[in-house]
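A.B. asks: fold the following.
(one chain, ligands or ions: 2)
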Amino acid sequence: MKYFSLNNKEHKSNFENAVVNGLAPDKGLYFPESIEQLPVSFFENLEKLSKPEITFEAIKSFVGNEIPDSALIDIIEKTIDFDFPVVEIENKISTLELFHGPTLAFKDVGARFMAGSLGYFIKKGNLGNITVLVATSGDTGGAVANGFLGVKGIDVVILYPKAKVSDIQEKQLTTLGENITALEVDGNFDDCQAMVKKAFLDKEVTSSRRLTSANSINVARWLPQMFYYFFAYRQLSSKNEKLVFSVPSGNFGNICAGMMARKMGLPIDHFVAANNSNDVVTNYLKSGEYLPKPSVQTISNAMDVGDPSNFVRILKIFNEDLSNLKEGFSAYSFDDKVTKQAIHKVYEENGYVMDPHGAVGYLGLQKFLEEHTGYYGTFLGTAHPVKFLDTVERTIGEKVEIPDSIQDLMHRQKKSLQISNYEDLKGYLLS
Ligand SMILES: Cc1ncc(COP(=O)(O)O)c(C=O)c1O
Ligand SMILES: N[C@@H](CCOP(=O)(O)O)C(=O)O
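C.D. replies: Ligands and ions are numbered 1, 2, ... in the order given. Here you go, the predicted structure:
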């Protein structure tokens, strides 16, 4: 499979180089040259296929022959060895729980797949050491730390915004040690993301370290997020209504991966981007103007993104045509107050505990279903409520059971380096 840079389609790459470099040399995001439709029979038989079989078919064309089938199957099996249940919450509304992986957030899938692919390429070639740079607003960091822990030839450097992630998220990304280093940035997620992008442009840095990214800008982190939609459809295919998915969105990698699955033929009728108060895309759909702005802090902190990096990929999928985009896509924003009300209401009425990100997804779905008929809706439960313990317990007025793995984590010692600006990051990378 060939990929091209969204800054200049003449800049092409194979899968391996796209993974190893993260971004194109012109710093554009890579996008596949073609998106192969899967046969109708594949979707008709989905219920009979195993998760690894589905996943293999979904990703194979994007990897091409660059990873042999046996190694790809091995990577896949390690990536998706947990459950992805669809749980019915109320009439016409279900949630796809994506938090049964090791770090209790949906990022585990992409992080593990990328770690497996990059690990394969490092073992196969003479690539030397690679530094994986990651910016996180909460969950990517923990998932990448877990997925890449101990992978030979890889150092991981995670930038996260000081005091803007939950306690559990911070422990997940600062306590593993070994090849994982956490940098605590005096700023917000956008500052972290901007510093990472700047490092990629800095010749002094790139000539001393080989850098790649494990954010969703990297195709090996982004594309595996398609798998969820296939797994969900397998559980929803008996519904005789149009299907809508509401995706709590920040950097828009997850929803954009769902749109890729639809391009491959998965029968999804509509996508809702559910946003917190960081409403750049909601505003774009209203005004046609894309106006990034500094992110604001919310209780769904992993979605506090003011300039979503995958927006350019979404535009590409819809051929940069706003009216085309609006046909298959809606976006709504909700503030913290209504988010907490939704967590409270769903718990009171249905006994189901949502985390703040899932709650934004629920609200987006509810709004869409109020305005449209004939749909069955699923919102993505992108993180376990325990990751946002304070907010959730205060909102529902009850204790949430903490899994053993998290209890252990809370006793571990946080280790991070404080940085304030790009020069500090550069100093660290050159040291
Ligand atoms: C729990 C949770 N929900 C939603 C999102 C937003 O996902 P995306 O950045 O793919 O839009 C994130 C972070 O990415 C997250 O960690
Ligand atoms: N919400 C993310 C922000 C980064 O998103 P990514 O999917 O591009 O890695 C986080 O939790 O860090």
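A.B. asks: show me the helices in the stretch 151-300 of the chain, by range?
C.D. replies: Using DSSP state H, counting those that start in this stretch, the helices found in the stretch 151-300 of the chain span residues 167-174, 189-201, 203-208, 219-222, 227-236, 253-263, 280-287.
A.B. asks: how about the residues of the stretch 301-431 of the chain by ligand 2?
C.D. replies: 302, 309 (CB under 6 Å from any ligand atom). To be clear about C-beta, it is placed using only N, CA and C from the backbone, and glycine gets the same treatment.
A.B. asks: what about the helices in the stretch 301-431 of the chain?
C.D. replies: 311-317, 322-328, 336-350, 356-371, 389-396, 404-410, 422-430.
A.B. asks: check the stretch 1-150 of the chain too.
C.D. replies: Under DSSP H, counting those that start in this stretch, the stretch 1-150 of the chain gives helices at 15-21, 40-44, 51-63, 69-79, 107-124, 139-148.
A.B. asks: count of neighbours near the residue lying closest to Glu289 once chain neighbours are set aside?
C.D. replies: Spatial nearest neighbour of Glu289, excluding adjacent residues (CB to CB, 6 or more residues apart in numbering): Asn283 at 7.5 Å. Other residues lying near Asn283 total 16 when counted by other CB atoms under 10 Å.
A.B. asks: Asn283 and Ala232: what is the separation?
C.D. replies: Separation of Asn283 from Ala232 (CB to CB, to the nearest Å): 28 Å.
A.B. asks: same deal with Leu322?
C.D. replies: 27 Å.
A.B. asks: look at the two and report which has more neighbours.
C.D. replies: Shown here are Leu322 and Ala232; by other CB under 10 Å, Ala232 has more neighbours (25 against 12).
A.B. asks: what residues does that one make contact with?
C.D. replies: 84, 86, 96, 245, 378 (CB atoms under 8 Å, 6 or more residues apart in numbering).
A.B. asks: low-confidence ranges in this protein?
C.D. replies: Of all residues in the chain, none has pLDDT under 70.
A.B. asks: widest-spaced pair of the contacts of Ala232?
C.D. replies: Phe84 and Phe245 (13.3 Å; CB to CB).
A.B. asks: who touches both of these two?
C.D. replies: Contacts common to Phe84 and Phe245, judged by CB under 8 Å, 6+ apart, are 96, 232.
A.B. asks: one step back: the helices of the stretch 1-150 of the chain: which one's closest to Glu170?
C.D. replies: Comparing the helices of the stretch 1-150 of the chain by CB to CB, helix 139-148 comes nearest, at 8.7 Å.
A.B. asks: who touches that closest one?
C.D. replies: Outside helix 139-148, the residues that reach it (CB under 8 Å, 6+ apart) are 101-103, 105-108, 110-112, 114-115, 132, 134, 136, 154, 156, 158, 160, 165, 169, 172-173, 176, 179-180, 182, 214-216, 302, 382-383, 387.
A.B. asks: ok, and which of those reach ligand 1?
C.D. replies: Okay, of the contacts of helix 139-148 touching ligand 1 (CB under 6 Å from any ligand atom), that's 105, 216, 302, 382-383.
A.B. asks: burial count for His344?
C.D. replies: His344 has 15 nearby residues by other CB under 10 Å.
A.B. asks: on that earlier part again, turn the helices of the stretch 1-150 of the chain into a markdown table, including mean neighbour count.
C.D. replies: Output for these, formatted as a markdown table (neighbours: other CB atoms under 10 Å):
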| stretch | mean neighbour count |
| --- | --- |
| helix 15-21 | 22 |
| helix 40-44 | 13 |
| helix 51-63 | 19 |
| helix 69-79 | 17 |
| helix 107-124 | 24 |
| helix 139-148 | 28 |
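A.B. asks: can you tell me which of the ones you listed comes nearest to Val353?
C.D. replies: That would be helix 139-148 among these, by CB to CB, at 17.7 Å.
A.B. asks: put the alpha carbons of that closest one into CSV.
C.D. replies: C-alpha atoms of helix 139-148 as CSV (Å, rounded to 0.1, in the frame of the first residue of the first chain):
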residue,chain,number,x,y,z
ASP,A,139,-5.1,8.5,27.6
THR,A,140,-2.8,8.1,24.7
GLY,A,141,0.2,8.5,27.0
GLY,A,142,-0.8,5.6,29.3
ALA,A,143,-1.7,3.3,26.4
VAL,A,144,1.5,4.0,24.5
ALA,A,145,3.6,3.6,27.7
ASN,A,146,1.9,0.2,28.3
GLY,A,147,2.1,-0.9,24.6
PHE,A,148,5.7,0.0,24.1
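A.B. asks: any bit of it sitting next to ligand 1?
C.D. replies: Yes: residues of helix 139-148 are located near ligand 1 by CB under 6 Å from any ligand atom, namely Asp139.
A.B. asks: can you list the residues of the stretch 201-350 of the chain near ligand 1?
C.D. replies: 216, 248-254, 302-303.
A.B. asks: out of those residues, which are inside strands?
C.D. replies: Among these, the members found in strands (DSSP state E) are Pro248.
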